[in-house]
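Student: take this sequence and fold it.
(chains A and B)
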Amino acid sequence: MRSLKTTALLAAAAMALAACGGGGSGGDASGDKVKLRFSYWGSDSRQKLTEQVIAAFEKKNPTIDVVGEFSDWPSYYESLATKVAANDAPDVMTIEIRGLAEYAGRGALSDLTGKVNTADLDPQVLASGSVDGKQYAIPTGVNVFSMLANKATIEKAGQKLPDDKTWTWDEFVSLSQKITAGGDGSVYGAEYNFNPAYLTIFAAQRGEKFYDNGKIGITPDTLKAWWATFTKLIETKGSPDAAKMGEIAAAGQEQSLIATNKGAFGMWWSNQLGAMAKSSGQELTLLRLPKLPDATNAGMFLQPAMHWTASSKSEHAAEAHKFIDFLINDPEAGGLLLSDRGLPINSKVLEAIKSKLPPADQQTLTFLDSVKSELSPVVVPPKGGSKMEDILKRYSEAVTSGQQSPDEAATKLLEEANAALAG
Amino acid sequence: MSGLDPCRGPAVVDSLSLKSAVATEPHAPKGRRRRTGVNRSRREALTAYVFLAPWFVGLFLITIGPIAASLYLSFTDYSLLDEAKWVGLDNYTTMFEQDPRFWTSLKVTTIYVVVSVPLQLGFALGLALLLDRGLRGLSFYRSIYYLPSLLGGSVAIAILWRKIFGADGLVNSVLGLFGIQGTSYVNNPDTALGTLILLHVWTFGAPMVIFLAGLRQIPRSYYEAAAVDGATTLRQFKTITLPLLTPIIFFNLVLEVIKSFQSFTQSFIVSNGSGGPNDSTLFYTLYLYVNGFKEYEMGYASALAWVLVLIIAGLTGVNFLASKYWVFYGDSK
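Tutor: Numbering: from 1, shown residues only, chains lettered A, B, ... in the order given. Here you go, the predicted model:
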C-alpha cells in the first residue's frame, strides 16, 4: 500500500520533471513540410506586411513552412546572437550593414554567390553585401541620408527653401538661426544627430574616407569642423541645447522636431520621409545635404536598408535560397513589401510596382533619380564598425555639452575607434 | 551574480525545508508500526530528495552551471558567434590597463553607491522614527511608503523618471512657475547621475519597514527608565535607540550596498541603454551588458562580472570587519 504510494509520488515527480524539459521535441504536425525559420525586426506594421509576404511564398511553395521570428530593433541582435551562439540560428536572417562584417567574418553566414539570382539587382548596391569576395548578403533595398525640410515652417519664419545644389553648411546654420528667431518661440531651425552616415558624408566632402585600410580615415581637423557645426547651431539657438537635443534623439523618430512640427530641418534616411510627413501632417521636402564651399564631392551614398542572409548552419539551404530569391526577385513580393525595407534595387521589380508606391515613396524615387550622378559608392564598415555609432555619440555629447574640448575629444575618439577596428 | 543575492538565498531554503517537511509528515505515524527507525528515515530521505530534485536541477542548471561557465568564459575571447578561444588573463589585464570605460563605470557606480545608500538609509530611519511614534493609520502609511521600493526598480518608473526630469518634464514645469528655465536633467552629464541617485533614495520603503520592525524590538521599559531619569528625547535616541538599532542598520547597509552596486534597470532605461550622456550614468552592470550583448565581447563581459563579484565580496567583507567597531549586539558585551 505504502510502496504503491511512493511509486505514485515518484511517478508524479518524474512527470513534473519531464514537463520542465518538454517542448520542442514534438515535431511538426504538418507532416513532411520543411520548416524554414526567418528572423527580422521592426514595427507592428512591418510584421503584418511580412506575414503577408510569407503567406504568398508558402502559396507558391506548399512544401515549405516559413516561420517568422520577429522582435523589436533594440533587442534584435541580442536574441539573434544568442540563437547563433546556441547553434540555433534561423535559416534566413535579416542583418543590417554594420552587423554584416561581424556575422560574415565569424562564419555565421553562407555564401550566396550563384545560389540566388542577382542579375537584375543594382550591382553597385549589391556589392555592399559582399565580404572578401563572397556574396554573404543581398541588400533588401536602398535609402539615402538626406535633409528633410518643412517648407511651411521655413516660410512662416519669413525665409525661403534653400537651393540644395549650392547651399553650404554655414548657410544651413545661419538659415536655422533665422528660422528660430523668426518663429514664435516654439519652433527651432534644425535638429541634429551624430549619425555615422552624416560624418561619412561630411568627411567625403573634405576628401576623407571613414574607413581607410582597416583604420579610421578621418582626421582630427575634420572631426573638429564637424562638431563646430553643432556648437554653432546651439550657440545661435538654431538648435535646442545639447541636453534637450539628447532627449529628443533618445525619444525616437516620432518625437523628432520634424515629426512633431517643431523644426524646419532634420537629417534622416530617405525611407523615413513617409512616416515623418504623416506624423507632422505637413508636406516635407527632400534636400541634398549642404556642402563645404570647396568640396569636390557631395559625399552622399546609397545605403542598403538591410540585408537578407542565410545561416551557414542551415539544414535547409536550398529552401532558404528560394525564399531570399522570392523576396528580391518576385514582383508579388515586391508589390507587398513596397519600400518598407528601402526602395527595391531590382530594376524589374521596381518597374512593376512603381505606380503602386505611395506618394512619399514616389517623391523619394524622384529625389534618388535626381541625385544619382552625384552619389558615391556605399561603404561597408569592417569588423568593429558596429561600435562606431556609440563611440561617435559619446564623444559628440561630451563636446556639445561642453564637457570635453574638441581637441581632446578628437584624439580620444580616434584612439578608441581605431582600437575597436583592430579588435 | 544571483548567487550573491541575499534576498534569494533564504527564500529558497525556506521553501525547501517546507516542502520536505510536508512530504515526510504523512508517513511518520504509519511507519512507527512495522519498520525500524533506520529504514524509515532512509525512506523519508528518499522522498525528500525526490521533492528536492526540481530545486537541485534548478540550482545546478540555472545557477551553478552558468556561474562556472562564466568563470571559464572570462579567460576566453568569446564573441557569441563563434567558438571561445582561451586567452588566459588577457581580459583582466585589458580591463585594468587599457580600458578607460571600465574605470569610468567603476567611478560612476561608486559615486552612486556612496551617495545614495547613506541618503536612503538616513531617510528610511528618519521616517521609521516618525512612524514609530504611534501614528494613527500606521499600516496605511507603511504601505504607502513601501510602494516605491516595489516599483523603484521597474521599467515603468524609470520611464516616468525620464519624463519628470526631461526638458518639458514636471520639474521644469514647476520651476517655470517661478520663472526659472531648466534644462533636461536626465540628458545633462552634470545632473543625470543625480536623478538616478534621487530615484534610489526614493525607494527608501524597504529599509524603512525593517527599521520599523527593529524599533519595535527595543523594550519600552528602557525609555521609561530613561524618562524617569530625566533624559531628553535626543539623549534617548543617542543612547538607547541608536545603539540597539545598530544590527538593523548594519543589515540594511550590507543589503543596500550589494543591491545598489548591481543596479541596472534605472540607468538602462533612463539613458536608453547607452549609459549616456557622455558615460555619466554608465553603471558597472550596464557596461557589462553592453560588452556582452552589444559588442559581442562575451568573454570580456564575463571577466567584468567576476571582477564585480570580487568587488562586492570585498566590500561586504570590509563591512563585516568594520561592524565589529560599531555594531552592538544585545547579547554580547
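
Student: can you show me the strands along the chain?
Tutor: All of this is about chain A. A:34-41, A:64-71, A:92-95, A:130-131, A:134-135, A:137-139, A:142-150, A:188-190, A:211-212, A:215-216, A:263-269, A:284-287, A:302-304, A:307-310 (DSSP state E).

Student: was after chain B, sorry
Tutor: B:76-77, B:85-86.

Student: using TSV, lay out those together with distance to residue A:196, mean pLDDT and mean neighbour count.
Tutor: All C-beta spots, glycine's among them, are computed from the backbone N, C-alpha and C. Shown next, in TSV, are the strands of chain B (distance: least, C-beta to C-beta, whole Å; pLDDT from 0 to 100; neighbours: other C-beta atoms under 10 Å in any protein chain shown):
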stretch	distance to residue A:196	mean pLDDT	mean neighbour count
strand B:76-77	26	92	19
strand B:85-86	29	92	12
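
Student: those into JSON lines, with extra columns for distance to residue B:328?
Tutor: Shown next, in JSON lines, are the strands of chain B (distance: least, C-beta to C-beta, whole Å):
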{"stretch": "strand B:76-77", "distance to residue B:328": "48"}
{"stretch": "strand B:85-86", "distance to residue B:328": "50"}
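
Student: of all those strands, which one is nearest chain A?
Tutor: The closest of those to chain A is strand B:76-77. By C-beta to the nearest C-beta, the value is 9.2 Å.

Student: that closest one packs against which elements?
Tutor: In terms of contacts (3 or more C-beta pairs under 8 Å, 6 or more residues apart in numbering or on different chains; DSSP states H and E), strand B:76-77 is packed against strand B:85-86, helix B:90-98, helix B:298-326.

Student: and the strands of chain A, which is most packed in?
Tutor: Burial of these is given as mean neighbour count (mean count of other C-beta atoms under 10 Å in any protein chain shown); strand A:137-139 ranks first at a mean of 29.

Student: any residues touching that one, and which ones?
Tutor: With C-beta atoms under 8 Å, 6 or more residues apart in numbering or on different chains as the test, strand A:137-139 has contacts from A:95, A:100, A:104, A:109, A:112, A:116, A:118, A:121, A:125-126, A:128-131, A:304-309, A:324, A:328, A:342, A:345.

Student: got it, and stretch A:268-280?
Tutor: By C-beta under 8 Å, 6+ apart, the surrounding residues in contact with stretch A:268-280 are A:141, A:143-146, A:148, A:150, A:197, A:253-254, A:256, A:258-261, A:266, A:283-284, A:286, A:303, A:305, A:339, A:342-343, A:358, A:360-361, A:363-364, A:367-368.

Student: ok, now with 7 Å
Tutor: A:143-146, A:148, A:150, A:253-254, A:258-261, A:283-284, A:286, A:305, A:339, A:342, A:358, A:360-361, A:363-364, A:367 (C-beta atoms under 7 Å, 6 or more residues apart in numbering or on different chains).

Student: how about stretch B:89-107?
Tutor: With contacts defined as C-beta under 7 Å, 6+ apart, stretch B:89-107 is touched by B:74, B:75, B:279, B:282, B:283, B:284, B:287, B:299, B:300, B:303, B:304, B:307.

Student: run the chain-centre distance for it.
Tutor: Taking C-alpha atoms, centre = their mean, to the nearest Å, one finds stretch B:89-107 lying 24 Å from the centre of the chain it belongs to.

Student: got the CA positions of it in PDB?
Tutor: In PDB, the C-alpha atoms belonging to stretch B:89-107 read as follows (Å, rounded to 0.1, in the frame of the first residue of the first chain):
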ATOM      1  CA  LEU B  89      44.400  36.600 -18.200                       C
ATOM      2  CA  ASP B  90      44.100  38.900 -21.200                       C
ATOM      3  CA  ASN B  91      40.600  40.100 -20.400                       C
ATOM      4  CA  TYR B  92      41.600  41.000 -16.900                       C
ATOM      5  CA  THR B  93      44.800  42.900 -17.900                       C
ATOM      6  CA  THR B  94      42.900  44.700 -20.600                       C
ATOM      7  CA  MET B  95      40.400  45.800 -18.100                       C
ATOM      8  CA  PHE B  96      42.800  47.300 -15.700                       C
ATOM      9  CA  GLU B  97      45.400  48.600 -18.100                       C
ATOM     10  CA  GLN B  98      43.700  49.600 -21.300                       C
ATOM     11  CA  ASP B  99      40.000  50.200 -20.700                       C
ATOM     12  CA  PRO B 100      39.200  53.700 -19.500                       C
ATOM     13  CA  ARG B 101      35.500  53.000 -19.700                       C
ATOM     14  CA  PHE B 102      35.900  50.300 -17.100                       C
ATOM     15  CA  TRP B 103      37.300  52.900 -14.700                       C
ATOM     16  CA  THR B 104      34.500  55.300 -15.700                       C
ATOM     17  CA  SER B 105      31.900  52.700 -14.900                       C
ATOM     18  CA  LEU B 106      33.500  51.900 -11.600                       C
ATOM     19  CA  LYS B 107      33.700  55.600 -10.700                       C
END
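
Student: now do the contacts for residue 250.
Tutor: Went with chain A since none was named. Contacts of residue A:250 by C-beta under 7 Å, 6+ apart are residue B:272.

Student: not what I meant, chain B
Tutor: Counted by C-beta under 7 Å, 6+ apart, residue B:250 has contacts B:323, B:327.

Student: domain parsing for the chain?
Tutor: Using chain A here. Domain assignment for chain A by automatic domain parsing gives A:34-140+A:305-360, A:144-302+A:384-422.

Student: looking at chain B here, not the other one
Tutor: B:2-73, B:93-326.

Student: mean pLDDT lowest for which of those domains?
Tutor: Across those, domain B:2-73 has the smallest mean pLDDT, namely a mean of 67.

Student: pick out the residue closest to the middle of chain B.
Tutor: Nearest residue to the geometric centre of chain B (C-alpha atoms, centre = their mean): residue B:259, 2.1 Å.

Student: report how many residues lie close to residue A:343.
Tutor: 22 (other C-beta atoms under 10 Å in any protein chain shown).
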